[in-house]
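Student: got a predicted structure plus its sequence, pasted below:
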Amino acid sequence: QAQLVESGGGLVQAGGSLRLSCAASGSGFSRNAMAWYRQVPGKQRELVAHITSGSRTTYFDSVKGRFTISRNITKNIVFLQMNSLKPEDTGVYYCNGRLWNVTQKTFVDYWGKGTLVTVAS
């Protein structure tokens with residue numbers, strides 16, 4: 001059963017750093033793009049960072065220069081290194097990507113359950 005599992009969230013002071021990890025099980029990880037989203041209560045989920053299968057990256061404007069997305073193809077993990085954190089970075093961070101679904105016999109969009117990041121001012 002394919003799934004994405006995030007870890008690494010927590011409470012940090014403004015200006016601090018955290019590294020989020022997303023472990024993918026199942027097949028198809030190396031062939032597809034992966035992304036990190038975040039959501040705060042009352043707001044829509046927003047794209048934070050995206051990485052293609054060829055490791056090209058794009059970022060939401062507010063995190064450019066502070067966040068870095070990367071992936072380890074051999075271990076099926078995607079990372080989000082977050083530096084110079086601000087209180088407005090607080091939210092639940094979700095991993096997203098397409099993995100092979102053995103039942104449907106096609107690539108399906110998967111989401112992790114999220115990891116909470118709280119940045120104290």
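Tutor: Thanks, I have the structure now. Numbering: from 1, shown residues only.

Student: bridged to the residue nearest the centre of the chain, which residues?
Tutor: The residue lying closest to the centre of the chain (C-alpha atoms, centre = their mean) is Trp36, at 2.8 Å. Beta bridges link Trp36 to Ala49, Cys95, judged by DSSP bridges.

Student: mind listing what it touches?
Tutor: Neighbour list for Trp36: 20, 22, 47-50, 69, 78, 80, 93-96 [criterion: C-beta atoms under 8 Å, 6 or more residues apart in numbering]. In short, each C-beta sits where N, CA and C put it, glycine included.

Student: then Arg45?
Tutor: 37-39, 94.

Student: same thing but 6 Å
Tutor: 37, 39 (C-beta atoms under 6 Å, 6 or more residues apart in numbering).

Student: could you flag which of the contacts of Trp36 are buried?
Tutor: Neighbour-count burial (16 or more other C-beta atoms under 10 Å) applied to these gives 20, 22, 48-50, 69, 78, 80, 93-96.

Student: between the two ends of stretch 63-73, what distance do you get?
Tutor: The first and final residues of stretch 63-73 sit 24 Å from each other (C-alpha to C-alpha, to the nearest Å).
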